[in-house]
Every structure is written in structure tokens, then in C-alpha cells.
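Asks: The amino acid sequence is not available; the structure is as follows:
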């Protein structure tokens, strides 16, 4: 699994938003979303889960940073209006994709090196959210893809 540039599609997502500093609470909100997804029979071998960091803590106070724990849903899925889960479209685009073991150490190391990797490739970051993506079997094997939006 090497670094690559990929065009991500538009996704219809169901999400649970958390506001506050990024960290352990991101895991907690993703766990809550997975429980909802399991109750709705949405966890399969091809499920796409997304952790979307909507704000950059360099520019936004950590207590105001928003994080969406999300799952891609198809056009046939009907949302229950009584759920606390919201739905929206996530616009796709061009992303630099870096696969990493999903451990706190590996994730932190990836974040520490991400900008130099992107600079090394001669890419320019776009002003869209950075996404952690988990596709099907990645969930079981503890890997994720960090997807950084770029301008081409």
C-alpha cells in the first residue's frame, strides 16, 4: 500500500459530530457511530468509514474543532428522523492518500510527516477537510488511509 493520488467520489454520508479537541474523543464518537451502523445493518466487508476533521487547530480554537465520524450510505438507505445521526453529501476531489497502521503512534508519526511527504511530491494542499478513511477489511486489519485534499 503505497502513497498515491486518487480522485475521491462524492459520498452520501451519515455522521455523528463532535466539537472539541481532537484526540481520544474522536475514537469514542466513531464507536458510537459504528454501534448505530451495526443496528442498521450497515457494517459489511465493503463499508467505508470516514473520520473527517473539519477544522485546523492551528487556526481554530481546539474547543471549537469539529470532527464527523461518518459512514458512506447508498441512495437506497432511508435515514430514521428520530436518530441523532445526521446526513449530508461530502464532495469528493483529488486527494493524496497515505496508508498507515491505525495505532496512536503510527497515526501521530504520519501526521508529523504528512506535510513533508506532500511537499516532496510537489503537491499543493486544498482548503477542504482531511479525511481518515477505512474501507471494509481495513477495519479488521487496523489500517487506515489519511486523505489530504490537493489542488491539481
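Replies: Done, it's in. As the structure is a prediction and not an experimental result, all values here were calculated from the model.
Asks: Going by C-alpha atoms from here, please, whenever you check contacts or count neighbours.
Replies: Noted.
Asks: Show me which helix or strand of the chain is least confident by mean pLDDT.
Replies: One helix or strand of the chain scores below all others by mean pLDDT, DSSP states H and E: helix 137-141, with a mean of 57.
Asks: so what does the helix or strand residue 7 falls within touch, helix or strand wise?
Replies: Using DSSP states H and E, residue 7 maps to strand 4-8. In this structure, strand 4-8 packs against strand 93-101, with contacts taken as 3 or more Cα pairs under 8 Å, 6 or more residues apart in numbering; DSSP states H and E.
Asks: helices or strands next to the strand it packs on in the packing?
Replies: By 3+ Cα pairs under 8 Å, 6+ apart, strand 93-101 packs against strand 4-8, helix 104-120, strand 143-151.
Asks: what residues does stretch 62-71 touch?
Replies: 13-22, 26, 29-30, 33, 37, 47-57 (Cα atoms under 8 Å, 6 or more residues apart in numbering).
Asks: hang on, I meant stretch 15-25
Replies: Residues from elsewhere that reach stretch 15-25 (Cα under 8 Å, 6+ apart): 26, 29-30, 33, 62-71, 84-88.
Asks: same thing but at 10 Å, please
Replies: Contacts to stretch 15-25, defined as Cα atoms under 10 Å, 6 or more residues apart in numbering, come from residues 26, 28-33, 36, 49-57, 61-72, 84-88, 104.
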